[in-house]
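**Student:** Have a look at this prediction, sequence included:
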Amino acid sequence: MNDLFQDAITLMLVGMGFVFLFLTILVFATSLMSKLVNKYFPEAQPAPASGPAPAAKQSGSEIDQDVMAVIAAAVSKYRSRHKK
């Protein structure tokens, strides 16, 4: 029985060691890929706005109001179904 317990502990430690090693390698690989992507494909900087806002920007408030109305209706319906 003692040998079986010792084998179980050894197997557990080896398994945990492999998982730790794999996760460590995964963290370093992800960090390296992130640095490479940021180096070779930087995010585009937005152009500074000059002059008045375009007409499409002004109609965005109507869309925002419509979206807000739909969200409010969905939340109200959700709350009415899940009252305790």
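**Tutor:** Structure's in. What do you need?

**Student:** Tell me how far the longest helix anywhere in the chain lies from the chain's centre.
**Tutor:** In the chain, with assignment by DSSP state H, the single longest helix is helix 2-40. Averaged C-alpha coordinates place helix 2-40 at 22 Å from its chain's average position (Cα atoms, centre = their mean, to the nearest Å).

**Student:** List the buried residues in that helix.
**Tutor:** When burial is assessed from 16 or more other Cβ atoms under 10 Å, helix 2-40 yields no buried residues. Heads up, the C-betas are built off the backbone N, CA and C, glycines and all.

**Student:** So which helix or strand of this structure has the lowest pLDDT on average?
**Tutor:** Here the helix or strand of the chain ranked lowest by mean pLDDT, DSSP states H and E is helix 55-81, holding a mean of 77.

**Student:** Residue 45 sits in which helix or strand?
**Tutor:** In this assignment (DSSP states H and E), residue 45 forms part of neither any helix nor any strand.

**Student:** Look up phi and psi at it.
**Tutor:** Residue 45 adopts backbone torsions of phi -80, psi 130, taken as degrees, to the nearest 10.

**Student:** any idea how far it is from residue 79?
**Tutor:** Using Cβ to Cβ, to the nearest Å, residue 45 is found at 42 Å from residue 79.

**Student:** Of these two, which one has the most company?
**Tutor:** Between residue 45 and residue 79, counted using other Cβ atoms under 10 Å, the more crowded position is residue 79 (9 against 6).

**Student:** burial count for residue 82?
**Tutor:** By other Cβ under 10 Å, neighbour count at residue 82 equals 7.

**Student:** Model confidence for it, exactly?
**Tutor:** Looking at residue 82, its pLDDT is 82.

**Student:** got the phi/psi numbers for it?
**Tutor:** phi -110, psi 30.

**Student:** Return the list of helices and strands in contact with the longest helix of the chain.
**Tutor:** On a contact count with 3 or more Cβ pairs under 8 Å, 6 or more residues apart in numbering; DSSP states H and E, helix 2-40 meets no helix or strand.
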